[in-house]
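In: Return a 3D structure for these sequence lines:
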Amino acid sequence: MKTYLSLALLVMIALMTRSESGAALDEDAAGPKIVVTRALFGSGLNTVDVTKRVKELLESEPEGFSARADWLRNDPAPAKPKALAIIYDYRGKHCLFVTAWKEKVTKEILIENAKKSDAPAPAAAL
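Out: Next comes the predicted model:
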């Protein structure tokens, strides 16, 4: 839980200071693009910017990659559970995807994550 809270804080800071530049990743040749603006990997205050590596992996690994140190080529907190946070734009919408250590990441998962936030919020219970 502490890992997610610390990473969430870092993501909020990243959102406030995000760069407007990002690599566009095709959903398909004619479809909307995923534009990764920031990716952070780590545990607690031990996080690293893995934006460049995440962009590379989304382009080069059509089957996806795991949110692990060996894939991301960086281990900011050896022997500790980590999380990966990806900040991206999809169809003009700013999105955040956070996944637990070792979970799979694909373009399709990022697209589905963006679509989930399109759904209307449930009505408050009476």
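In: which SS class is Leu57?
Out: helix (DSSP: H, G, I helix; E, B strand; the rest coil).
In: Actually, Val98.
Out: Quick answer, by three-state DSSP: Val98 is strand.
In: Count the residues that sit near it.
Out: 17 (other Cβ atoms under 10 Å). Just so you know, the C-beta spots here come from the backbone N, C-alpha and C atoms, and that holds for glycine as well.
In: Would you confirm that it contacts Ala85?
Out: Yes - using Cβ atoms under 8 Å, Val98 is in contact with Ala85, at 4.7 Å.
In: Mind naming the longest strand for this structure?
Out: strand 33-43 (DSSP state E).
In: ok, it: who's next to it in the sheet?
Out: Paired neighbours of strand 33-43 in the sheet (DSSP bridges): strand 23-26 (antiparallel), strand 46-49 (antiparallel), strand 83-90 (antiparallel).
In: Looking at those, which one is packed in the most?
Out: strand 83-90 (a mean of 24; mean count of other Cβ atoms under 10 Å).
In: and Leu96, bridged to which residues?
Out: Note on Leu96: beta-bridge partners Ile87, judged by DSSP bridges.
In: Poorly predicted segments of this structure, please.
Out: 1-31, 117-126 (pLDDT under 70).
In: Which one, of the strands paired with strand 33-43, ends up nearest to Glu63?
Out: strand 23-26 (14.6 Å; Cβ to Cβ).
In: Within its local environment, how many residues does the residue nearest to Gly64 when sequence neighbours are not counted see?
Out: Spatially, and ignoring its direct neighbours in sequence, Gly64 is nearest to Thr106 (3.5 Å; Cβ to Cβ, 6 or more residues apart in numbering). Residues lying near Thr106 (other Cβ under 10 Å) number 15.
In: residue contacts, Thr106?
Out: Shown in contact with Thr106 (Cβ atoms under 8 Å, 6 or more residues apart in numbering): 58, 62-65.
In: Which ones among those residues lie within strands?
Out: Using DSSP E, these in strands are Phe65.
In: Same list (the contacts of Thr106) but as JSON lines, adding neighbour count and distance to Lys93.
Out: Output for those, formatted as JSON lines (neighbours: other Cβ atoms under 10 Å; distance: Cβ to Cβ, whole Å):
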{"residue": "Leu58", "neighbour count": "23", "distance to Lys93": "17"}
{"residue": "Pro62", "neighbour count": "9", "distance to Lys93": "23"}
{"residue": "Glu63", "neighbour count": "6", "distance to Lys93": "25"}
{"residue": "Gly64", "neighbour count": "16", "distance to Lys93": "22"}
{"residue": "Phe65", "neighbour count": "19", "distance to Lys93": "23"}
